[in-house]
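Asks: Sequence plus the predicted model coming up.
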Amino acid sequence: MTGERTFQKFKRLIPKKAFLLWLDSLKKDYKLIGPVKTGNHAVFKEVDSSEELFMEYGTTMLSPGKLFLYKPNEELFRFAMNGKITIDEIAPIAEKQVIVGVHPCDVNAILYLDRIFLRTFKDTHYEARRKNTVIISLNCARVSENCFCSSVGAGPFLHAASGYDMLLTDFENEYLVEIKSREAEELFGLEGRVAGRDEMRVKAEKEKSMQGKFTKTINVSGLDNIFAENMEHPVWQQTAEEKCLSCANCVMVCPTCFCYDLRDEMSMDLKTVTRYRCFDACQDIRFAEVHGGNFRQRRAARLRQFVTHKLDQTNQYGVSATVGCGRCITWCPTGIDLTEITKEIQRYEPA
Amino acid sequence: MNKLRLGFFKYSCCMGCSYFFAYVHKHVPEVLASFDFVFIKLLSRKGIPEGPFDIALVEGTITEAWQVDELKMIREQSKKLFAVGSCAVIGGIPAIKATTPELEIEKRVYKNLSSIHSIKPHAVDAYVKVDGYIRGCPPAERDLYEALTSVLTGRKPDFPQYSVCIECKLKGNLCVLIADNMPCMGPVTNAGCGALCPSMNRACYSCFGPMKQANAPALAKKFKAMGISRDDIIRKFTEFGADTIEFRKAVETVYED
């Protein structure tokens, strides 16, 4: 993670082979995590060697942030009841790890998770992992069918100033390596051609050509009000009836969905209880169940909750919750598309 | 602490839940330490259940009139009654016949019908109020403990009511429905199994039955668009859930088309 002290933000062109060898050299101190090809898809997982990496991947089903920083399942503490209650805290596990090949949308998603877990209330488990994680981002070299990051400013090239360690751009046989943190500066020992104005111009051209490849777009301006005025728009009920399965795949694959549930599991001898945290989903019918009722009993209300939380709540953290990765569209069994729902509402003019 | 009186009752089913409960699961000694097994059909030759019970576990589909009478009596004698396994919870395999007239089914199986007294198959909660559902075929181990510990500690049990997809994603499985185009029932199926089949790269066949408010017709439409035949779609929704409102709706949708 970014240190407070200043560091040298150098930019170099490094042959891909040399870069991958450098990654391997990190393995003595770090767990190396990156995209690996499985069938027609890629998944982020730990690798033994950089040879396993598949850097040309499109979009993974699960984002690295919600696999290796904010864990799907996490034991928080145990307590025992023998007359009095004794609490056995579980110390945060802070293994050093490098996550390589993180696309700009997923870096932005991690920055979003930081807002939740590192601001008002610091989550010690998340914080420990975040501090011990080196994030090496990779600017996108292709646009997948459901990507709309360019419409929300989260990609295809990364422009965040800090919060990650290195930024790579594919330069055919080389990577343009940009150092973004002190830790990266200290770790990165490779000498290479210094990237000057010409290389940065090439990078800007690459970005421009990528911008033109998007087929999916969304206009997010004024969406807060548009959604607020259309809470009972027919598109919610219609989509909920015809398509939405309430299966929560959208939430589970979303890199910014952060809701969690705290659960207690009691041992069969009734002596110890383990409290753990796991992802929760607003599509689960019990999500909004409170004493006396359920304020999102209808499927349409749950669907609306997901879409509007992703797209209209810039008030919550000052930024849009969507990073335009398109995972919720790709992995929806019935192909519900939040950009289409939004367009439908934007087209609508009340009589 | 006095042991709680436990009864395990069995109606039309394979007795797999009793077997699981009495022999297989992880915490047999702890369960024996907390509960008095007053009646377990699998373990006893004498057939008369003697109440009262602190907890009654009921497996099997109700398919005969005498079962209804006994079940009502057990309910009246039990503080808590849980349906165990897909047969008791949703009708399960014995309820495959639910969509066909009784006599037709009987004639297909038996030559001589004089000793057959079966009725329309229904889940346990069609006849008596149930305090909780331990779903699955075989039942979910975690849910079984949840039921037992909830009774021991006097709290409301907490059973999952979300889809298999949530468990599947928590495990990090690649989606077999989207990635491999398999007709997976996970999106409409109640969780509890830990996404067992998708973890083995197989499509879920909904042995846990529909989750609450499942939108089965929408998934049936998706299967149709994938090129699955009408008969196969109907089989998917009637293998375990033929007697459930949610899956009946899917069957209706397919017939209407």
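Replies: It's in. Residues are numbered from 1 along each chain as shown, chains lettered A, B, ... in the order given.

Asks: going forward, measure contacts and count neighbours with C-alpha atoms only.
Replies: OK.

Asks: so who does B:L170 touch?
Replies: Residues in contact with B:L170 (CA atoms under 8 Å, 6 or more residues apart in numbering or on different chains) are A:P72, A:N73, A:M252, A:F279.

Asks: would you list every one of the strands in the chain?
Replies: Assuming you mean chain A. Here chain A has its strands, by DSSP state E, at A:11-15, A:31-38, A:41-46, A:73-82, A:84-89, A:97-102, A:133-138, A:166-171, A:174-179, A:193-194, A:260-266, A:272-279, A:289-290, A:293-294.

Asks: That was the other one, I meant chain B.
Replies: For chain B, applying DSSP E gives strands covering B:4-10, B:35-40, B:53-59, B:62-64, B:78-84, B:118-122, B:132-134.

Asks: and residue 7, what does it touch?
Replies: Went with chain A since none was named. Contact partners of A:F7, counting by CA under 8 Å, 6+ apart, are A:S181, A:R182, A:E185.

Asks: The chain in question should be chain B.
Replies: Taking CA under 8 Å, 6+ apart as the test, what B:G7 contacts is B:F37, B:V38, B:F39, B:I40, B:P49, B:F53, B:I55, B:A56, B:L57.

Asks: Repeat that for B:L152.
Replies: By CA under 8 Å, 6+ apart, the contact list for B:L152 reads B:L4.

Asks: Next one: it, what pLDDT does it get?
Replies: B:L152 carries a pLDDT score of 93 in this model.

Asks: Next, count neighbours for the closest residue to chain B within the stretch 51-200 of chain A.
Replies: Nearest to chain B, among the residues of the stretch 51-200 of chain A, is A:P72, at 5.5 Å (CA to the nearest CA). Residues contacting A:P72 under the criterion other CA atoms under 10 Å in any protein chain shown number 19.

Asks: what about B:D243, distance to B:A250?
Replies: Using CA to CA, to the nearest Å, we find B:D243 at a distance of 12 Å from B:A250.

Asks: Flag the shaky bits of the chain, pLDDT-wise.
Replies: Since no chain was named, I'll use chain A. A:1-5, A:313-314, A:349-351 (pLDDT under 70).

Asks: actually it's chain B I care about, not the one you picked
Replies: Short version for chain B, where the test is pLDDT under 70: B:1, B:45-48, B:257.

Asks: Just grab the bridge partners of the residue nearest to A:E185 when sequence neighbours are not counted for me.
Replies: Nearest residue to A:E185, sequence neighbours excluded (CA to CA, 6 or more residues apart in numbering or on different chains): A:I179, at 6.2 Å. Beta bridges link A:I179 to A:M166, judged by DSSP bridges.

Asks: wait, isn't A:I179 in contact with A:F10?
Replies: Yes - A:I179 is within contact range of A:F10, at 5.7 Å (criterion: CA atoms under 8 Å).

Asks: Show me which of those two is the more surrounded one.
Replies: Taking other CA under 10 Å, A:I179 and A:F10 do not tie; A:I179 has more neighbours (23 against 12).

Asks: Quick one: name the residues of the stretch 101-250 of chain B near chain A.
Replies: Residues of the stretch 101-250 of chain B that fall close to chain A, judged by CA under 8 Å from any CA of the partner chain: B:145-146, B:149, B:161-166, B:169-170, B:172, B:174-175, B:177-179, B:186-188, B:212, B:214-216, B:218-219, B:222.

Asks: go with 6 Å
Replies: B:Y162, B:S163, B:L170, B:P187, B:N215, B:A218 (CA under 6 Å from any CA of the partner chain).

Asks: farthest-separated two in these?
Replies: Spatially, the most separated pair among those is B:L170 and B:A218, at 23.8 Å (CA to CA).

Asks: Please, where are all the helices along the stretch 51-200 of chain B?
Replies: Under the criterion DSSP state H, counting those that start in this stretch, the stretch 51-200 of chain B carries helices at the ranges B:65-77, B:85-90, B:102-109, B:141-153, B:164-170, B:176-179, B:196-199.

Asks: typed the wrong thing, it's the stretch 201-350 of chain A
Replies: Here the stretch 201-350 of chain A has its helices, by DSSP H, counting those that start in this stretch, at A:223-229, A:234-242, A:249-253, A:299-311, A:314-317, A:327-330, A:338-347.

Asks: so of these, which one's packed in deepest?
Replies: Mean neighbours per residue, mean count of other CA atoms under 10 Å in any protein chain shown, is largest over the helices of the stretch 201-350 of chain A for helix A:249-253, with a mean of 26.

Asks: ok, residues contacting that helix?
Replies: Contact partners of helix A:249-253, identified using CA atoms under 6 Å, 6 or more residues apart in numbering or on different chains, comprise A:L62, A:A281, A:C328.
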